[in-house]
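fold the following, please.
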Amino acid sequence: MPGDLVYHTYVDAQGKPRIDPGPLLLRGERTAYHDVDALVEQVRPGVVAWAQLNTIGAAIQQGVDMDRLVLAGARPRGMSRRPRSSPLHERRSRTARAREAMTQAGENRFSLFGGRQSRAANGSRDRESPKPHGGNRDGASRREERRMQALIFDVDGTMADTEAAHCDAFNAAFSEVGLNWHWDESLYARLLHVAGGKERIGHYWRCVEPEEAAGGAIAETIDAIHAIKTRYYVERVRGGALPLRPGIRRLMDEACAAGLALAIATTTTPDNLDALLCPALGADWRKRFSAVCDASTAPVKKPAPDVYYAALRELGLPAAECLALEDSENGLRAARAAGIPTLITTTAYTARQRFDGALGVLPYLGDPARPLPHGIAEAKQGWVDLDALRRLHANQRNALA
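Residues are numbered from 1 along each chain as shown. Take a look at the predicted model:
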């Protein structure tokens, strides 16, 4: 059956069900774990068996792009198919059908993350619903209500180019425990499609030594390896070896001066956060942020939107009034699933990933000392400032109004 390899499932170190794309990922082939293009081409209505994915919530947690699968004809339990009552339906564009699928999936998606209907998680319905006690306000007033009021930063790869340091720390941990594994830059770039350090170790182990990885003590072993890896990473980063990426500090200062709230939405550990940001922003770096959400806040990794929902709750703002900064496809998917407009700044490890739906894709934010390449529309003066972000945010807001 098409997709059998894609839908091989396993239980991760935290006891959560996951999808394992298998050795294909190590060979560099794209799989449904992070891109369902190949699966969409194979799927026919009724073909996909949803034995392990019988709710929309479970599918989102396991990294499946539900909208794309729905378009291909796959349907989990609990999702109804819209009737096709006229030939006009068949002539709709793929984009229009995608929006329809997203609308159908919205309620079930949100039910996984707490079951409450909120403006942050259900922005599209809020835009269409009438306002009480005020009649119909004009479009300008509604758009003004949704102006950008907060910036939400990812950390690894976004605030600082940390991935090489993480890779080196993994290799040091493997060497210390006597494993003959070595992750080079190319392999690590592919492994980054698996979110989470422990999950990455487990995935690689199952690919290269599946029988040994099936042993009962795998979770404890992975925990031990990851703890050693974290020690190596913290030792390297704590001395200030990794500066913030160009434009990050400047943009934070501009946002604070303008009265915007700052937040962090990452699934890295609190220790890693402190090690990176104390040298860069000072020991009291947490005072800069209205919300700091990390692996201790939302243990379910991106592309699940849990950490962004947590940040929105702490900020007390709807998703439409925030802007997220990310560097990866998984991060973009997490922010977009939470309804937050997102700007991407890539790294060498993520530059070849797909960023459909992003406000823009840049190599970095830029600074007067390190301007962006000439001709980037988002940064006419050579770097992205707060005004440029406001324009990007307003353009998307106006397009949705």
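
and the residue nearest to residue 266 when sequence neighbours are not counted, how many neighbours?
What sits nearest to residue 266 in space, not counting adjacent residues and going by CB to CB, 6 or more residues apart in numbering, is residue 155, at 4.0 Å. Using the backbone N, CA and C atoms, a C-beta is placed for each residue, glycine as well. Residues contacting residue 155 under the criterion other CB atoms under 10 Å number 21.

so residue 155 makes contact with residue 269?
No: look at residue 155 against residue 269 with CB atoms under 8 Å: they stay out of range, at 10.4 Å.

now the helix or strand harbouring residue 170: buried residues?
According to DSSP states H and E, residue 170 maps onto helix 163-176. Applying a neighbour-count criterion of 16 or more other CB atoms under 10 Å, one finds 163, 165-174 buried in helix 163-176.

after it, next one along is what?
Using DSSP H and E, the helix or strand that follows helix 163-176 in sequence is helix 185-191.

tell me which other helices or strands that following helix touches.
Packing contacts for helix 185-191, counted by 3 or more CB pairs under 8 Å, 6 or more residues apart in numbering; DSSP states H and E, involve helix 23-26, helix 163-176, helix 197-208.

quickly list the domain ranges of this protein.
Domain assignment for the chain by automatic domain parsing gives 9-103, 150-161+243-400, 163-237.

redo the ones you listed as JSON lines? Include mean pLDDT.
Below are the domains of the chain laid out as JSON lines (pLDDT from 0 to 100):
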{"stretch": "domain 9-103", "mean pLDDT": "41"}
{"stretch": "domain 150-161+243-400", "mean pLDDT": "94"}
{"stretch": "domain 163-237", "mean pLDDT": "93"}
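
nearest to residue 248, out of the helices and strands packed on helix 185-191?
Checking the helices and strands packed on helix 185-191 against residue 248 by CB to CB gives helix 163-176 as the closest, at 15.6 Å.

what's in contact with that closest one?
Under the contact criterion CB atoms under 8 Å, 6 or more residues apart in numbering, helix 163-176 has outside partners 156-157, 180-183, 185, 188, 192, 197, 200-201, 225-226, 228-230, 232-233, 236-237, 241-242, 347-349.

now the strands for the stretch 201-350 of the chain?
261-265, 291-293, 322-326, 342-345 (DSSP state E, counting those that start in this stretch).

for the last one, packing partners?
With contacts defined as 3+ CB pairs under 8 Å, 6+ apart, strand 342-345 has these neighbours: strand 322-326, helix 329-337, strand 360-362.

before we move on, what about the second one?
Counting by 3+ CB pairs under 8 Å, 6+ apart, the packing neighbours recorded for strand 291-293 are strand 261-265, helix 306-315.

could you report the neighbour count for residue 186?
So residue 186, with other CB under 10 Å, has 10 neighbours.

swap that for residue 209, please
Neighbours around residue 209, by other CB under 10 Å: 13.

what does residue 269 give?
17.

how about the contacts made by it?
Contacts of residue 269 by CB under 8 Å, 6+ apart are 230, 294-296.

got these as CSV, with neighbour count columns?
Below are the contacts of residue 269 laid out as CSV (neighbours: other CB atoms under 10 Å):
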residue, neighbour count
230, 19
294, 20
295, 20
296, 11
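
residue 341: which of the residues you listed is nearest?
For the contacts of residue 269, the nearest to residue 341 is residue 294 (22.1 Å; CB to CB).

quick one: the closest one and residue 264 touch, right?
Yes: if you go by CB under 8 Å, residue 294 and residue 264 touch, sitting 7.1 Å apart.

tell me which residues form a beta bridge with residue 342?
Under the criterion DSSP bridges, residue 342 forms beta bridges with residue 324.

that one reaches residue 327, doesn't it?
No: Residue 342 is beyond contact range of residue 327, at 10.4 Å (criterion: CB under 8 Å).

looking at the two, which is more packed in?
Taking other CB under 10 Å, residue 342 and residue 327 do not tie; residue 327 has more neighbours (29 against 26).

got a list of what the more buried one touches?
154, 156-158, 344-347, 350.

make JSON lines out of those and add neighbour count and distance to residue 214.
Supplementary listing: the contacts of residue 327 in JSON lines, determined by neighbours: other CB atoms under 10 Å; distance: CB to CB, whole Å:
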{"residue": "154", "neighbour count": "28", "distance to residue 214": "33"}
{"residue": "156", "neighbour count": "23", "distance to residue 214": "30"}
{"residue": "157", "neighbour count": "23", "distance to residue 214": "32"}
{"residue": "158", "neighbour count": "29", "distance to residue 214": "36"}
{"residue": "344", "neighbour count": "26", "distance to residue 214": "37"}
{"residue": "345", "neighbour count": "25", "distance to residue 214": "39"}
{"residue": "346", "neighbour count": "19", "distance to residue 214": "36"}
{"residue": "347", "neighbour count": "22", "distance to residue 214": "34"}
{"residue": "350", "neighbour count": "24", "distance to residue 214": "31"}
